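[1] turn this into a model:
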Amino acid sequence: MYKVALNFEDGFTRFITTLPMEAVADAAYRSGINIPLDCRDGACGTCKCHCESGSYEMGGYIEDALSDQEARRGYVLTCQMIPESDCVVTVPASSEVCIRSQQADLRAKLFDINRLSESTLSFTVASDELRAMHFLPGQYVKVLVPGTDQWRAYSFSSLINQADGSVSFLIRVVPEGLMSTYMTEKARVGDNITLCGPFGSFYLRDIQRTVLMLAGGTGLAPFLAMLEKIQRDGCAHPIHLIYGVTHDADLVDMDKLESFANAIDNFTFSSCVASKNSSWPQKGYVTDYIEPGHLHDGDVDIYLCGPPPMVEAVDCYMQEKGIQPASFHYEKFAASK
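    All right, here's what the predicted structure looks like:
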């Protein structure tokens, strides 16, 4: 048995003891600590942490969840990390989220479906249970695809409307995808929807400096929820969002971004489309539109949400440019059938 110190980003430290061949995430859960976790199979990267000291063996995982470069830098998937000595692990979340949060099934009704473009739709669910739910902007829930036993993960794209208990999500329409097929062909307002959560360590921290947000595709969703909170609470620091997509049809909710820009002091945004056939004025990738002023000489908090290739590209860009932000928070996602 080995002792593992879990250092949380708010300065709190909790010690756990692992059993022989027990993964850190399982030992933490047994001790009443919910390290952000989803798949338990080394496939999603939700439980990614950094091992500061100690030796360990890693079980199986895929490249999208943990790259070779990250592994060399000491990053681990706690669902696959088997300690071989006492260890110190930094958890990229607050102790309050991990120790007090509880994930539970929630019942709701389908409130609205809105086809935003050929590639994207939004849906809204509502219930009294959701009205009482607490989550941090940037987190996600798992949604049970009606008529199946399959769950799909979606980030909140809004805060909860206390008036009617409603909350919204963005979906990329995937050909023959379970949720996509349900939403485009079968769904009716009033359908029963089951959700479980909240999950995730990607969420808006207290804003103490310049913020740069980088969104790819439906990775815009968590930023919409963050911006809604910022609009509600106010912010004295500059915030810039760069929103990148592959095709023109993927560019959605521009009206919401314009509305946030009008309502939030110091908030600006830009957008770009990668396709060479695009008619959008700004073509290219999000890294093409990062300006020195957005980085504030490194005194910046960077938030990134997008598909794995985009996340890896931004990470490589930052290393090549020698950019060392005050904090760097990211969430990878891949469209699933």
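
[2] over to stretch 5-12 now: how far is its first residue from its last?
    Using Cα to Cα, to the nearest Å, one end of stretch 5-12 lies 10 Å from the other.

[3] and residue 228, helix, strand or coil?
    Here residue 228 is recorded as helix under DSSP: H, G, I helix; E, B strand; the rest coil.

[4] my guess is it meets residue 156, correct?
    No. Residue 228 lies out of contact with residue 156 (Cβ atoms under 8 Å); the separation is 9.5 Å. (Glycine included, C-beta is placed from N, CA and C.)

[5] which of the two has more residues huddled nearby?
    Taking neighbours as other Cβ atoms under 10 Å, residue 228 and residue 156 compare with residue 156 leading, 28 against 19.

[6] and the more buried one, bridged to which residues?
    Beta bridges link residue 156 to residue 169 when assigned by DSSP bridges.

[7] so it is in contact with residue 223, correct?
    No. Applying Cβ under 8 Å, one finds residue 156 not in contact with residue 223, separated by 10.7 Å.

[8] shared neighbours, the two?
    residue 138 (Cβ atoms under 8 Å, 6 or more residues apart in numbering).

[9] run through the stretch 101-250 of the chain and note the low-pLDDT ranges.
    Under the criterion pLDDT under 70, the flagged ranges of the stretch 101-250 of the chain are 101-104.

[10] A strand includes residue 320, no?
    No. Read with three-state DSSP, residue 320 is helix and lies in no strand.

[11] check it and give its pLDDT.
    Note for residue 320: predicted pLDDT of 90.

[12] and the gap between it and residue 287?
    According to Cβ to Cβ, to the nearest Å, residue 320 and residue 287 sit 10 Å apart.

[13] the more surrounded of these two?
    residue 287 (18 against 9).

[14] number of nearby residues for the nearest residue to that one once chain neighbours are set aside?
    Using Cβ to Cβ, 6 or more residues apart in numbering and skipping the chain neighbours, the partner closest in space to residue 287 is residue 317 (4.5 Å). Using other Cβ under 10 Å, residue 317 has 15 other residues around it.

[15] residue 317 should be in a helix, yeah?
    Yes. When three-state DSSP is applied, residue 317 is found to be in a helix.

[16] quick check, pLDDT for it.
    At residue 317, pLDDT is 91.

[17] for the protein, longest strand please?
    For the chain, the longest strand by residue count, based on DSSP state E, is strand 104-115.

[18] so how far is that one from its chain's centroid?
    20 Å (Cα atoms, centre = their mean, to the nearest Å).

[19] now the helix or strand that it is followed by against strand 104-115, angle please.
    Next helix or strand after strand 104-115 toward the C-terminus (DSSP states H and E): strand 120-126. Interaxial angle, strand 120-126 versus strand 104-115 (axes from the mean of the first three to the mean of the last three Cα atoms, to 10 degrees): 130 degrees.

[20] who touches strand 120-126?
    Against strand 120-126 from outside (Cβ under 8 Å, 6+ apart): 108-116, 157, 161, 164-173, 183-184, 187, 193, 195, 218, 249-250, 252-253.

[21] also stretch 155-165?
    108, 111, 122, 126-131, 133, 135, 137-141, 166-170, 198, 200, 219-222, 224-225, 228-229, 232, 305, 331, 333.

[22] ends of it, how far apart?
    Stretch 155-165: ends 17 Å apart by Cα to Cα.

[23] what do you get for stretch 194-212?
    Span of stretch 194-212 from end to end, Cα to Cα: 34 Å.
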